[in-house]
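In: Dropping the sequence and predicted coords here.
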Amino acid sequence: MSIIDRIHQRLPNAENTHFSGQSLAKTLYAFPVDILLTGALGAGKTTFLRGLAEGLGIAGPIVSPTFALEQRYRTTDHTDFIHIDCYRLSNLQAEQLLHASDDHTGIRCIEWADRLTHLPDGDRIRIALREEGTGRALTVDFEDVSLPTEEEIVQWRLEVRLPPHIATHCDTVARVCDALSNNLLSRGILVRPLLLRRAAQLHDLLRFIDFLAHAPTTRTTTTTADEHVWNALKAAYKGRHHEEACASFLRERGYAALASIIAVHGVNTPTQKRRTIEQQLLYYADKRAALDTVVSLEGRVRDFIERHGPSATDHGRMMLREAMVIERQLFPDGPPI
């Protein structure tokens with residue numbers, strides 16, 4: 001699999017390195033996954049992994065396996081966490097050690113992955129750390145999920161006859177997501193900008209399914225051809241609102257990680273379902289865009305109630321509360337947009 005997202009960060013000290021590793025725990029989608037770490041002695045590889053382990057809820061300290069070569073732990077959701085150190089091994093020994101755990105079902109973290117002649121097959125995240133001045137420089141290459149191209153997105157919008165104002169809303173949410181991603185990355189918090197942008201561009205791809213269930217939009221002229229396509233899609237995803245319908249559409253095309261983000265961006269989704277940082281950011285960004293205009297959370301709720309009527313007041317208030325919780329957690333000094 002080719003690189004999907006590449007991230008660069010400047011980490012001023014060990015505390016920031018630990019924090020960056022901790023944040024990686026909130027942007028994992030594919031299991032099993034290999035996390036491959038490279039960097040010179042003292043570059044912060046073990047510090048980063050200890051942060052990741054903490055983020056995954058592993059109790060007790062992570063002990064460097066330099067002499068034991070391999071340590072195994074359990075995360076809070078009972079996923080295996082294997083920590084392997086190849087520093088003292090030859091290329092052949094490193095390959096043999098790795099082969100012994102090729103059937104793992106969780107997270108395998110490999111320090112000194114540059115000792116490997118061949119990288120392991122399957123989903124992986126490559127992390128390179130190097131000393132830079134008094135701090136460290138971090139590069140993360142995510143090679144663990146698939147994403148559609150811009151061309152595919154344009155084609156899907158045409159195929160489903162997405163109303164232009166809904167497409168514009170998706171693109172507005174994508175711009176909000178870009179600003180949020182840049183802010184978090186500058187503060188040492190890992191997030192996947194391209195994955196998040198694609199989720200924003202597609203989150204309302206099947207929004208018209210709910211138009212048919214409730215009332216048609218007044219912002220577009222619906223043609224007979226539109227209604228024919230929309231009715232066919234409503235039948236195909238019968239009983240599902242647009243969030244889960246879109247998620248199913250994407251899973252059918254091999255984009256499971258993207259589907260998992262979009263599936264939980266709706267107002268009725270319980271907060272605990274938004275486990276990853278991209279899920280939280282899409283929910284929040286969608287509540288900052290009133291169609292094609294970036295607004296405050298309060299302004300978005302007013303717009304929501306105006307468009308859906310007084311019966312939507314309770315949903316609007318719930319939307320505001322949950323979005324404010326995300327804002328305080330991720331942007332304690334205020335959002336960047």
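Out: Perfect, thanks for sending it.

In: And the contacts of stretch 127-134?
Out: Residues outside stretch 127-134 that contact it (CB atoms under 8 Å, 6 or more residues apart in numbering): 10, 12-13, 17, 35-40, 42-45, 48, 136-141. Every C-beta, even on glycine, is put in place using the N, C-alpha and C of the backbone.

In: do that again at 10 Å, thanks
Out: Applying CB atoms under 10 Å, 6 or more residues apart in numbering, the contact partners of stretch 127-134 are 7-13, 17, 20-21, 24, 35-45, 47-49, 52, 109-111, 113-114, 136-142, 190.

In: Would you mark the buried spots in that stretch?
Out: By 16 or more other CB atoms under 10 Å, the buried positions in stretch 127-134 come out as 127-129.

In: could you measure the residue lying closest to residue 260 once chain neighbours are set aside against residue 146, distance?
Out: Counting by CB to CB, 6 or more residues apart in numbering, residue 29 is the residue found nearest to residue 260 once chain neighbours are left out, at 6.6 Å. As judged by CB to CB, to the nearest Å, residue 29 and residue 146 stand 10 Å apart.

In: same thing with residue 318?
Out: Residue 318 is 33 Å from residue 146, where distance means CB to CB.

In: Residue 94: which element?
Out: Per DSSP states H and E, residue 94 falls inside helix 91-99.

In: Most distant residue from the centre of this structure?
Out: Within the chain, residue 224 marks the point farthest from the mean C-alpha position, 37.2 Å out by CA atoms, centre = their mean.

In: Pull the contacting residues for the one residue sitting closest to the centre of the chain.
Out: Central residue of the chain (CA atoms, centre = their mean): residue 278, 3.5 Å from the mean position. With contacts defined as CB under 10 Å, 6+ apart, residue 278 is in contact with 26-27, 29, 177, 181, 191-193, 195-200, 257-258, 260-262.

In: can we see that at 8 Å?
Out: 27, 191-192, 195-196, 199, 261.

In: Following element in sequence after the helix holding residue 94, please.
Out: Following helix 91-99 in sequence order, the next helix or strand is strand 107-111 (DSSP H and E).

In: which one of the buried residues of stretch 127-134 is nearest residue 87?
Out: residue 129 (14.2 Å; CB to CB).

In: What's opposite the closest one in the beta bridge?
Out: For residue 129, the beta-bridge partners under DSSP bridges are residue 138.

In: Quick check: pLDDT value at it.
Out: Looking at residue 129, its pLDDT reads 96.

In: coming back round to it: more crowded one of residue 29 and residue 146?
Out: Shown here are residue 29 and residue 146; by other CB atoms under 10 Å, residue 29 has more neighbours (18 against 15).

In: Tell me the spacing between the more buried one and residue 143.
Out: For residue 29, the distance to residue 143 equals 12 Å [CB to CB].
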